Every structure is written in C-alpha cells, then in structure tokens.
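Novice: model the following, please.
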Amino acid sequence: MYHDYSMRKIIEDFKDPAPKNYILDTDAANEVDDQFAIAYAMLAKEINLLAITAAPFVNDDRAATPEEGALRSYEEMVRVRDMVDPDGKMNIPCYHGSPSYMKEMTEPVISEAAENIVRIVKETEGIVYIGVIGCFTNVASALVLDPSIKDKVVVLLIGANSFDYEGGDCNEYNLAQDRLAARVIFECGVPVVVLPAMGGTERLYTTNAELNFYLKDQAGQIGNYLCSLFEREEGGLFNADGSVNCKSRIIWDLGAIAVVRLGERAARLQIVPARTIDPDGYWDMTRDLGRRMIMADDFKRWNIMPDFYTLMRSSDLK
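Specialist: Take a look at the predicted model:
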C-alpha cells in the first residue's frame, strides 16, 4: 500500500484509532526523555511498534563518539523494552544504529538499523510511521539505501525549531549532529511531520514530584526506573538543606508518540510549504521544494502528560 503524499490525509489518519505501523528511532542513552517515549509507544494501542532502532549521539558525559553513542543507545533501549515487556510477549526487535554521521548526502551509513528499516517498510502492508527522536542518520541512510521506501513512509521528527525561532535557527541537538541527514529527509520527498524543539515540544515538561505521585510504585519496574532517571538528572524531592526541589525537565520525545495517539488533541498540526535547511543549519525559506509538510506547534501539555501517566498506571506493568 502506497500513500499519496496528502498532508491532510496524514492528519486525518492520526484521528483514526486503528493501530499505525511504527518504528521508533532513539538515542536512548543520551538523556532521559527517550525512555518515556519508548514506554509510551509500547503501551499505546494506536501504535503497532515494529522495531526500535538505536541512533548515534555524542555527549561529553555519556559518549565520546557516534559509534559509542549508538551502542549505549542500543543497550538502554533494550533495558527499557525489557522492563515494559519482561516476558517478551510484544516481540519488539531492537537494532544497532549508525557508527558515524553521514559524510555525503548520497552515501548511506550502513547499519543494522538502516538495513532493517528498509526491510521492515518493504515487508509491511500499509504505511509505516517512523518516529525519529534522536539524530536523523539511521532514517536518512535507509532512504538513501532504497529511495523507493519514501512511498510507504511518513517521518515524524523531534528536531529543528519553529520557523520563527531566532531567525530560523534549527541547530538544536538532534538536527545539529547530522545536518546532511536532515537535508536528506527534508529534500528526498518523503512526507515529513516536524515536531520542533523550540516553539513546539518544549512545553512537555514534568517535575520529580509529579513523577513520584503518579508513577512511583504504581507502574511496575519501568515506572520506578523513570523516577530514578529523573532524580539522577534533577535531584530528589528535597534539597540537601530540606527545602523543596521544584525543578522541572522537558520530556521532548513524548511528542512523537502523542501526535500519533492523540492527533490534534496533542498539538496544532499546520500544513505548510516544505522546507529544507542551509549548510549552517537554518531554515532555507527561499527554496521552493514544491511540496507540503506538517509543522506542529501549540503542544497541549494538559492533554499529553495526563494521557501518558494514565496509560502507564492503567497498564499491566510488572
């Protein structure tokens, strides 16, 4: 089954409760939001999670090279998957990701992730949504390996920023790591749903107190693990002097699941002219690609966070 590249039909599909075929591409060891998104995707009845793939990343605290980042991402996403599904009944495969970033737009980075994205898309009946919540290398490489898969894929990107953010600067973490991969996705013709960082998913924050109240000892091993990750980054409920700790943290990556699960209850989905970026990582507003894409904004935290917490609490987690 091939799509007709209609952005309106994609938005309408988000309203349909029928399960959507989905691949989640994640730099799971880089921060703490990916783990939330993995659990959300696994539990959401609107998502038929076909695979999880490990995105590369470089982070001074956790990975010195993209290859190390991809390996750590793989280890972490397997850990989270097995906490949500300890018996393996969901049968969700995990694949190692790119050992480097792209060097040329015409040269894919070969990896288990890229090769299996191509295979899964070609073997799956119907459209496959790919949620990219790390840098874009794996998915861009798959699109270069076999350009025909763009006829069956819709890519949701947690990355870039809104058009009006600081003169069109898109150099947030995910996009800035591999601008060539970003250009491949924006320019190859695959339908794109941009879930921007600034001007978009930055609204999806939570606090340690909120996490502890809703998940601690109430959502199995994964619920307690998410609480521990958040505490590792932002501290506990109280500071060393006994004062209350009210730090918040943005859980950006929930947006890639919430849009598919909740549609326009999660965000405003605008059909806009398709754009790419220039070599410096800014939106190129002068180049007409002759297509449309979807730009999400006005993310509705008051719908997304309750939905996530309710789903976690109501699921049969061990």
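
Novice: tell me, how many residues neighbour Ala29?
Specialist: Around Ala29 there are 26 other residues, counting by other CB atoms under 10 Å. Every residue, glycine included, has its C-beta placed from N, CA and C.

Novice: who's in contact with Gln270?
Specialist: Ile294, Met295, Ala296, Asp297 (CB atoms under 8 Å, 6 or more residues apart in numbering).

Novice: just those now: which is nearest Met77?
Specialist: Ranked by distance to Met77 (CB to CB), the contacts of Gln270 are led by Ala296 at 23.9 Å.

Novice: can you verify that closest one is assigned to a helix?
Specialist: No: looking at Ala296 with DSSP: H, G, I helix; E, B strand; the rest coil, it is strand, so not inside a helix.

Novice: now do the nearest residue to it once chain neighbours are set aside against Gly199, distance only.
Specialist: Spatial nearest neighbour of Ala296, chain neighbours left out: Ala267 (4.2 Å); criterion: CB to CB, 6 or more residues apart in numbering. Between Ala267 and Gly199 the computed distance is 11 Å (CB to CB, to the nearest Å).

Novice: of these two, who's got more company?
Specialist: Per other CB under 10 Å, whichever of Ala267 and Gly199 has more neighbours is Ala267, with 27 against 19.

Novice: ok, that one to Phe136 distance?
Specialist: For Ala267, the distance to Phe136 - CB to CB - is 20 Å.

Novice: would you map the strands across the chain?
Specialist: 20-26, 47-54, 94-95, 128-132, 153-158, 192-195, 205-207, 248-250, 268-273, 276-277, 283-284, 292-297 (DSSP state E).

Novice: now these as CSV including distance to Ala37 and mean pLDDT?
Specialist: Listed next are the strands of the chain as CSV, based on distance: least, CB to CB, whole Å; pLDDT from 0 to 100:
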stretch, distance to Ala37, mean pLDDT
strand 20-26, 7, 98
strand 47-54, 10, 98
strand 94-95, 14, 98
strand 128-132, 8, 98
strand 153-158, 8, 98
strand 192-195, 11, 98
strand 205-207, 13, 96
strand 248-250, 12, 96
strand 268-273, 19, 98
strand 276-277, 24, 98
strand 283-284, 25, 97
strand 292-297, 15, 97
